[in-house]
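Enquirer: need a structure here:
(2 chains)
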Amino acid sequence: MVIWSIRRLLQAILVVLAMTVIVFVALYAVGDPVKIMIDPDATQAEVARAISYLGLDQPLWRQYLVFLKNALHGDLGQSFVYATSAMNLIWQRLPATLELACFAVLLSIILGLPLGIYAGLRPDSVFSRVVMAGSILGFSLPSFWVGLMFIMLFAVQLGWLPSGGRGPTVTVLGMHWSFLTFEGLKYMLLPAFNLSLANIAMVMRLSRAGTREVLQMDYVKFARAKGLSPARVVGVHVLKNMMIPVVTVVGLDLGSTIAFSVVTENVFAWPGTGKLIIESINVLDRPVIVAYLIFVVFLFVLINFLVDLAYVFLDPRVRQATSS
Amino acid sequence: MKGIVTRNVSLLLGTLLVGMGFVAVMSSAHAAESAMLRIGMAAQNASMDPHFQNSTPNNSVMSHLFDTLVTYDAKQNILPRLAVSWKPVDDTHWEFKLRDDVVFSDGTPLTAKDVVASFARVEVVPSVSSYRTYTRSIKSVEAVDPHLVRVTTHAPTPLLPAFVTRIRIIKADMEKATTADFNSGKAAIGTGPYVLEEYIPGTRVTLKRNDKFWGELEPWGTVELRIVTDKASRLAALLSGDLDLIEAVPATDLDSLKSDKRFNVVAAESNRLIYLAMDQDRDNSPFVRDNNGEPMKTNPLKDLRVRRALSMAINREAIVKRVMNDQALVATQFLPVGRFGTSENIEPQVYDVEKAKALLKEAGFPDGFQLTVHASNDRYINDSRTIQTVAQFFSRIGIQTKTEVQPWSTYAGKVAGHEFSVALGGWAANTGETSNPMGAIIATIDKERGMGNSNYGSYSNPEFDSILNKALTTLDDDARAKLLAQCSEIAINDLAIIPLHHEVSVWAMAKNIQYKGRSDQFTMAMDARPAGKGH
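Expert: Numbers count the residues shown, from 1 in each chain, chains lettered A, B, ... in the order given. Sure thing, here's the model as predicted:
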């Protein structure tokens, strides 16, 4: 287990190294951040000053080595735009994204799982058919359009929920959180639901398929034959066995929801990391882009690790394989 | 006896009632006084440091907290602010007389020392888009007495008042403060109409009325500047009542907003010119080809007849009406006629396809040539649609035109590197007069002096340069205006660039708010008033 974890970590570090090289070269090829940001009226001397202040007067390989050296000291560089540490910028925005993503994933489980299991148990009922047909919409509608429709309906027409922004926050552990107050939750509901729509559909379909498959298994037939209550058959034997693919997908989803909720954050003016990364890409703010992608790589490694742990808990065969 | 008591009681009651009524009136007046204004900003400010990054969103936000020596009105005429009066003493010395009733929001009175410290800080703050652009003509700034500042310039600088409209005054003891100190609010102490309550980067800036402000107190107790970058979301927030005022209203939604009784729409011509730059330097321009797709020996764009044909081929009215949804003005020169340094002798370009074809023929291109025109797709209002329309107009006179658009992040470097043959450009005259756009986009490139920095077509005309240089050092306003008008005429007659249109900025607001739009595209609570209160 320990060796396995270390191997995972080493892999992650290799991925990070490769990724930073690609980002450095790619951004260098895309354009010059100074030309984008500088006052077009500036004199040559001022342009030169700005370039050297950003460290862009050095050849690319030396910029990269300087970056590596600083990164080893835990400093991923200063944002070109905000003149503050890139990592700080990400930490500032992270709570907003984290709580939104977790809320969205939670919604997808709370709504997707029971609906999917129900559809799996009673595939022919009218309700199941309607729900499954609806899930296709969840997949296929573009999320920015759905987001705007939500805003038009719930904020503009009905006036029940705020149209965007983050609303009041509570400071815990030096970070701002919305989910702790009712007012804050009101601001979170629409973006979280928008973000979770595709996930709900996916969880629903996976759990329906899983349930139908598991229902055919001998152990379920035996459990029934043994005279166990239907609740126990579904709640223990079916649920535990159909959960494995769902956990894998929800885990990966959590990662991509945290890392790339760019569209929803923009539509709902939600000040998270997704908005930060898209704004940084627009002005080629390299330190922020690099720091953010490093963070994302480690996030995925961590989530994969947790997903593997969940397998151990859910599937006795995996448990035995790891202990022997 | 009893009667007297009753009468007294009733008198007392009466007084009480009147008193209570008075209190009620007071409190309702107070409620109006402490009203809240929520503004939706289209772009994010980079910090709360007034000397850090020169950009429109930063300048808008900073104007709430910090004052400048002189300022612009909505049409960019210069008005007194912290300075009651100013004058050039001789060619290279200016004196600014400060108001004596100004205090910072912490109660410290403003003196000339604060002004000196502010100008000194601008010189040292590390920044990619520094305010040093506005101080480069300044040699030194001294405090003559507590309320008199003397500025020495390297050369005669008639635009000095325009330049100092961007230099915001901080407290002298904050000269060494870092950008982080301003972001935390520790150093963000100004003389402006508002004080900083809270700054959450990328989310909002919350401001409270500065009750120690030297001018008329603001009607808004609290102002929230919320950053909502998505235009549809910004509009939705206004419609749902989450915001009171929004900037940069999308043109496509204007009709429905105008017909909605709950809202007002305010438009103001901006000082931004959208134009085409043409390569007038290389003989073999990279995106000009003959009709077989082969490179050409001569560059047709260097021929005035060809440039005239191109300009004549464009139906600007159609662009303004169809592409810009009327949120633009047809441009004939660098700023709308009537602004400082424009010429009244420049006629609007007539749209004439036949004459354009004849000009092409006369220039030796009866069958036209092949051309690729370039533009950004996220920088100016409808920039990619504008260039596509222009390309269609060019095709009608026989020039086979293709378009290529790219995001500003890749376009900015390429267009500045002269990689294109015909490129769409935009220039906001942030001094409000024409020497600024002319010096930047058509003056002969001179990197040392900072001239022609955005001269995408490498245009060069010695006659134009010498008159412009003369204008730049002429202190007398009338003489300078004449010289600049002459420059405008030379540049437009020679088609140094092809002017297309001036953008119009649009704000939308709830009916109970009155707003004045501005030509510099700043959005400020100071321009918003509760409706029915005059102003």
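Enquirer: list the contacts of stretch A:21-30.
Expert: Contact partners of stretch A:21-30, identified using Cβ atoms under 8 Å, 6 or more residues apart in numbering or on different chains, comprise A:60, A:63, A:64, A:67, A:284, A:286, A:289, A:290, A:293, B:409, B:410. C-betas here are computed from N, CA, C, even on glycine.
Enquirer: quick one: buried residues of it?
Expert: By 16 or more other Cβ atoms under 10 Å in any protein chain shown, the buried positions in stretch A:21-30 come out as A:23, A:24, A:27, A:30.
Enquirer: what distance separates it from the centre of its chain?
Expert: 24 Å (Cα atoms, centre = their mean, to the nearest Å).
Enquirer: same question, stretch A:163-179
Expert: The chain centre lies 19 Å from the centre of stretch A:163-179; the measure is Cα atoms, centre = their mean.
Enquirer: that one - what's its average pLDDT?
Expert: The average pLDDT for stretch A:163-179 rounds to 78.
Enquirer: give me the buried positions along it.
Expert: Using 16+ other Cβ under 10 Å as the test for burial, stretch A:163-179 gives A:163, A:164, A:165, A:166, A:169, A:176, A:177, A:178, A:179.
Enquirer: mind checking the SS state of the third one?
Expert: Following DSSP: H, G, I helix; E, B strand; the rest coil, residue A:165 is assigned to coil.
Enquirer: you'd agree it is up against residue B:234?
Expert: No - between residue A:165 and residue B:234 there is no contact under Cβ atoms under 8 Å: 10.5 Å.
Enquirer: what touches both of these two?
Expert: With Cβ under 8 Å, 6+ apart as the test, residue A:165 and residue B:234 both reach A:269, B:228.
Enquirer: near chain B, from the buried residues of stretch A:163-179?
Expert: Restricting the buried residues of stretch A:163-179 to those within reach of chain B (Cβ under 8 Å from any Cβ of the partner chain) leaves A:163, A:164, A:165, A:166, A:176.
Enquirer: farthest pair within these?
Expert: A:163 and A:176 (19.9 Å; Cβ to Cβ).
Enquirer: sketch out the low-pLDDT regions of the chain for me.
Expert: You didn't say which chain, so I picked chain A. Chain A contains residues with pLDDT under 70 at A:1, A:319, A:321-324.
Enquirer: hm, I was asking about chain B
Expert: In chain B (pLDDT under 70), the answer is B:1-34, B:533-535.
Enquirer: and if we set it to 80?
Expert: Scanning chain B with the threshold set as pLDDT under 80 gives B:1-34, B:532-535.
Enquirer: just give me the longest strand of it.
Expert: Ranked by residue count, the top strand of chain B under DSSP state E comes out as strand B:263-278.
Enquirer: what packs against the helix or strand following that strand?
Expert: Downstream of strand B:263-278, the next assigned helix or strand under DSSP states H and E is strand B:288-289. When contacts are defined as 3 or more Cβ pairs under 8 Å, 6 or more residues apart in numbering or on different chains; DSSP states H and E, strand B:288-289 packs onto strand B:370-376.
Enquirer: rewinding a little: now flag whichever of the buried residues of stretch A:21-30 is closest to chain B.
Expert: The shortest approach to chain B among the buried residues of stretch A:21-30 belongs to residue A:30, at 5.5 Å (Cβ to the nearest Cβ).
Enquirer: any idea how far that closest one lies from residue B:362?
Expert: Distance, residue A:30 to residue B:362, by Cβ to Cβ, to the nearest Å: 43 Å.
Enquirer: now do residue A:200
Expert: Going from residue A:200 to residue B:362 by Cβ to Cβ gives 68 Å.
Enquirer: which of those two has more neighbours?
Expert: residue A:200 (25 against 14; other Cβ atoms under 10 Å in any protein chain shown).
Enquirer: what sits against the more buried one?
Expert: Counting by Cβ under 8 Å, 6+ apart, residue A:200 touches A:107, A:108, A:111, A:112, A:115, A:135, A:138.
Enquirer: picking that back up, direction included, what does the longest strand of chain B pair up with?
Expert: Strand pairing for strand B:263-278, using DSSP bridges, gives strand B:422-428 (antiparallel), strand B:497-510 (antiparallel).
Enquirer: next SSE downstream of the shortest one?
Expert: When you say that, I think you mean strand B:422-428. Downstream of strand B:422-428, the first helix or strand assigned by DSSP H and E is helix B:435-441.
Enquirer: ditto for the last one
Expert: Next helix or strand after strand B:497-510 toward the C-terminus (DSSP H and E): strand B:513-515.
Enquirer: what comes into contact with that following strand?
Expert: B:37, B:244-245, B:264, B:266, B:507, B:509, B:527-531, B:533, B:535.
Enquirer: list the contacts for residue A:135?
Expert: By Cβ under 8 Å, 6+ apart, the contact set of residue A:135 is A:200, A:201, A:204, A:205.
Enquirer: let me know the closest of those residues to residue B:43.
Expert: Comparing these against residue B:43 with Cβ to Cβ picks out residue A:200 as the nearest, at 33.8 Å.
Enquirer: next, give phi and psi for the closest residue to residue B:421 other than its chain neighbours.
Expert: The shortest distance from residue B:421 to any non-neighbouring residue, by Cβ to Cβ, 6 or more residues apart in numbering or on different chains, is to residue B:287 (3.8 Å). Main-chain dihedrals, residue B:287, degrees, to the nearest 10: phi -110, psi 20.
Enquirer: what of residue B:493?
Expert: The phi/psi pair for residue B:493 (degrees, to the nearest 10) is phi -60, psi -30.
Enquirer: ok, now which ones touch residue A:281?
Expert: Taking Cβ under 8 Å, 6+ apart, one finds A:289, B:409 in contact with residue A:281.
Enquirer: near chain B, which residues of the stretch 1-150 of chain A show up?
Expert: A:30-44, A:46, A:49-50, A:53-54, A:80-84, A:89, A:92-93, A:148.
Enquirer: of the residues you listed, buried ones?
Expert: By 16+ other Cβ under 10 Å, the residues of the stretch 1-150 of chain A next to chain B give A:30-43, A:46, A:49-50, A:53-54, A:80-84, A:89, A:92-93, A:148 as buried.
Enquirer: so how far is residue A:136 from residue A:213?
Expert: Going from residue A:213 to residue A:136 by Cβ to Cβ gives 21 Å.
Enquirer: picking that back up, thought the residue nearest to residue B:421 was touching residue B:422?
Expert: Yes - Residue B:287 is within contact range of residue B:422, at 7.2 Å (criterion: Cβ under 8 Å).
Enquirer: overlap in contacts, the two.
Expert: B:371, B:372, B:373, B:374.
Enquirer: any idea which of those is closest to chain A?
Expert: Using Cβ to the nearest Cβ, residue B:374 is the member of these that sits closest to chain A, with 13.9 Å.
Enquirer: who does that closest one form a beta bridge with?
Expert: In beta-bridge terms (that is, DSSP bridges), residue B:374 pairs with residue B:404, residue B:423.
Enquirer: ok, the residue nearest to residue B:421 - how many residues close by?
Expert: Around residue B:287 there are 19 residues (other Cβ under 10 Å).
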